[in-house]
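In: Below are the sequence and a predicted model for it; my questions follow.
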Amino acid sequence: MRPLILALLLIGLSVVDGAAQEARRRWEMERQIRLDKFEQVLPRAMRDNGIDMWIVAVKENHYDPLWKDLGRGYVTGVGYYMFTDRGGDRIERIALGPSGYLLNESGAYDGMSAATMLADFVRQRDPKRIGVNMSDEIGPADGLSVTMLAHLKKTLGEPYASRLVSAEKLVVDFRTRRVAAEIVAFGEAAGIAVQLAERALSNEVITVGRTTLEDVAWWMQDRLLERGLGSEFDMPSVYVTGPNGIVATSTARVIQPGDVMMIDWGVQLTNFGTDVKRVAYVLKPGETVPPRSIQQAFDKAVAVRDVLKKAIRPGLTADETAKNMDKALAAAGYGVIEFNRPNRDDRTDVVYGFHPVGNTGHDIGPSMTTWQPKQRTFTLRTQHLFSFEFFAYSPIEEWGGAKLRVPIEDDALLTEDGVQFVHPANYRLLVVK
C-alpha cells in the first residue's frame, strides 16, 4: 500500500503546484496590465477629462466594478483608491483601507494607509475637481452607492464635497485604452472560447438524435469549470435556426439531422470577457456535405466581413462609423435592415451589432449598436477591442425563399492599418455527422 499512497500524494502535490503556478501566472498578467495602465493610460485619462483627483470608494462585501482593475485588496468597513494628478509624467496612487498580499505585492501604489486618513489626504492635495464613479448609462462607472456618496460628502466636508463630479468618461478612457498585455490576455480568453465552441459543435459532444441543446451548453460549462474559467453570458446560447427564426436555445430540444446550429457565448479569464459565435450544419442521412444553399448562405455571410472592415477606421465616432458601414453595405448590393426584419427579395440582408469587448463581453467603449446610444458618441481609437458581429440573411430555396440568418462574430482590434482579429476569424461552416 505504501507505494500507492506515495504515488497518490505525489499526484496531489503536482496538481496543487500546477494550480498555484497558474494562479500566479494569471495574477502576474493582471499586475502587469495594471502597472502599464497606471503609468501610460491613467495620466492622459485624468487630464483629458479635467479630473485632478479620482476617488474610487469601496465597502466590505460591496466592491466597485473596477475593484480588479485597481488591484483588489481586502477591505474592512470602507476603503478608497485615490489617484491624484500632482504634475509630472505620472499620477500619485494611494490605497486607504484596502490591504492584503495581492495589493501589497502588486507594486501599483505609492503608499497605503488607513481609510480614516481620507480627509487629511484630500486637504493636503486640494483638488479642484474630484471624480467619483457615478453614471447614468455606463455600468462600470456607476459603482458609488447613494449612501457611500453621502458618506464621502460628510467625510470630506466643504469645499471638497461640492467639488465631486462624475468620473464616467475617465473610467471609459482608462478601461478602453488598451495596453499590449491586455490584448494578449484577452486574445487568450477569446482563443479558448473559439476552441471550445468548435469542439462543442462536433461529434465529440453531439450524438445526433440523442444530444440536446442544453447537453451541449452544460458540456461547455464543465470545460470552463475544469480550467477555472467563467462564462461571460451565463448559460452558453446553443440554438437552432430555421425558416421562421430561432427554434430553441439551450433547451431539452434534441439535435436533429438538417439542423443549422449556432453557439453564442463568452469566456471569462482573469479580468476579461469575450464574445464569439460559431455555426454548424447537422448532416442528414446520405449527405456528406451541407446542402449547396446552406453553404452558399454561409459563404455570403463571410463575404460581408471584407465590406465592413473597409468602412472602419480610427478617428471617427461610432455613429459616424455606423453610417459609413451602412453606405458601404448598400453600395455592395446588400440590404441594410433592422434586426430580424429581412426583406422579401433575393438579396442578402445585413444587420450588425459591433459592440466593445474587453473587461466584459459588452464593454463600455465606442459602440455601433442601437442599445448603447451614449457609446455611439464615443470616438474610435487605435487598440480598441470590439466584437465584429453581424448577421447575414440569405434566401434558402428549400425553405421556399425564407432567409437563413447566419451570425458571424469574432473579437477584433482596431489598428492604424485597419481591423485585425485577436484569434482566427470564422471562415468555416462546421459539420456534425
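Out: Looks like it arrived, so ask away.
In: What's the end-to-end length of stretch 61-69?
Out: 17 Å (C-alpha to C-alpha, to the nearest Å).
In: how about the strands in the stretch 1-150 of the chain?
Out: 53-59, 78-84, 92-96, 111-113, 130-132 (DSSP state E, counting those that start in this stretch).
In: And the stretch 301-433 of the chain, by the same measure?
Out: 335-336, 349-352, 384-395, 403-415, 418-421, 430-432.
In: quick one: which of these is nearest Trp54?
Out: Trp54 sits nearest to strand 384-395 of all the strands of the stretch 301-433 of the chain, at 22.2 Å, using C-beta to C-beta. Just so you know, the C-beta spots here come from the backbone N, C-alpha and C atoms, and that holds for glycine as well.
In: got the angle between that closest one and strand 403-415?
Out: Angle of strand 384-395 versus strand 403-415, following axes from the mean of the first three to the mean of the last three C-alpha atoms, to 10 degrees, is 160 degrees.
In: Give the residue spans of the stretch 151-300 of the chain that score low on pLDDT.
Out: Along the stretch 151-300 of the chain, no part satisfies pLDDT under 70.
In: pLDDT score assigned to Leu6?
Out: What the model reports as pLDDT for Leu6 is 47.
In: sorry, back to before: of the strands of the stretch 301-433 of the chain, which approaches Leu144 most closely?
Out: Proximity to Leu144 (C-beta to C-beta) singles out strand 384-395 among those, at 25.8 Å.
In: Buried residues in that closest one, which are they?
Out: Counting neighbours by 16 or more other C-beta atoms under 10 Å, one finds that the buried residues in strand 384-395 are 384-395.
In: Mean neighbour count and mean pLDDT added to the strands of the stretch 1-150 of the chain, as TSV?
Out: Listed next are the strands of the stretch 1-150 of the chain as TSV, based on neighbours: other C-beta atoms under 10 Å; pLDDT from 0 to 100:
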stretch	mean neighbour count	mean pLDDT
strand 53-59	24	97
strand 78-84	24	98
strand 92-96	21	98
strand 111-113	14	96
strand 130-132	24	98
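In: For Ser394, give its distance to Ala280.
Out: Using C-beta to C-beta, to the nearest Å, Ser394 is found at 17 Å from Ala280.
In: repeat for Val58
Out: 44 Å.
In: next one: Val171
Out: Using C-beta to C-beta, we find Val171 at a distance of 39 Å from Ala280.
In: Comparing those two, which shows the higher neighbour count?
Out: Using other C-beta atoms under 10 Å, the more surrounded residue of Val171 and Ala280 is Val171, with 29 against 24.
In: Next up, the contacts around the more buried one.
Out: Shown in contact with Val171 (C-beta atoms under 8 Å, 6 or more residues apart in numbering): 66, 133, 135, 138, 140-141, 364.
In: For stretch 207-224, which residues meet the burial criterion?
Out: Residues 208, 211-217, 219-221, 223-224 are the ones in stretch 207-224 that count as buried (16+ other C-beta under 10 Å).
In: got it, and stretch 234-247?
Out: Residues of stretch 234-247 classed as buried by neighbour count (16+ other C-beta under 10 Å): 236-242, 247.
In: What of stretch 100-112?
Out: Residues 103, 106, 108-109 are the ones in stretch 100-112 that count as buried (16+ other C-beta under 10 Å).
In: got it, and stretch 328-341?
Out: Buried-residue list, stretch 328-341, by 16+ other C-beta under 10 Å: 328-329, 334-335, 337.
In: gap between the two ends of stretch 84-99?
Out: 19 Å.
In: What segments of the stretch 1-150 of the chain are helices?
Out: For the stretch 1-150 of the chain, applying DSSP state H, counting those that start in this stretch gives helices covering 2-40, 42-48, 101-104, 118-125, 146-156.
In: elements contacting the helix or strand hosting Ala217?
Out: Here Ala217 sits within helix 213-226, counting by DSSP states H and E. Helices and strands touching helix 213-226, by 3 or more C-beta pairs under 8 Å, 6 or more residues apart in numbering; DSSP states H and E, are helix 180-200, strand 230-231, strand 237-242, strand 260-265.
In: so the closest residue to Ala412 other than its chain neighbours bridges to which residues?
Out: Spatial nearest neighbour of Ala412, excluding adjacent residues (C-beta to C-beta, 6 or more residues apart in numbering): Phe388 at 4.3 Å. Beta-bridge partners recorded for Phe388 (DSSP bridges): Asp410.
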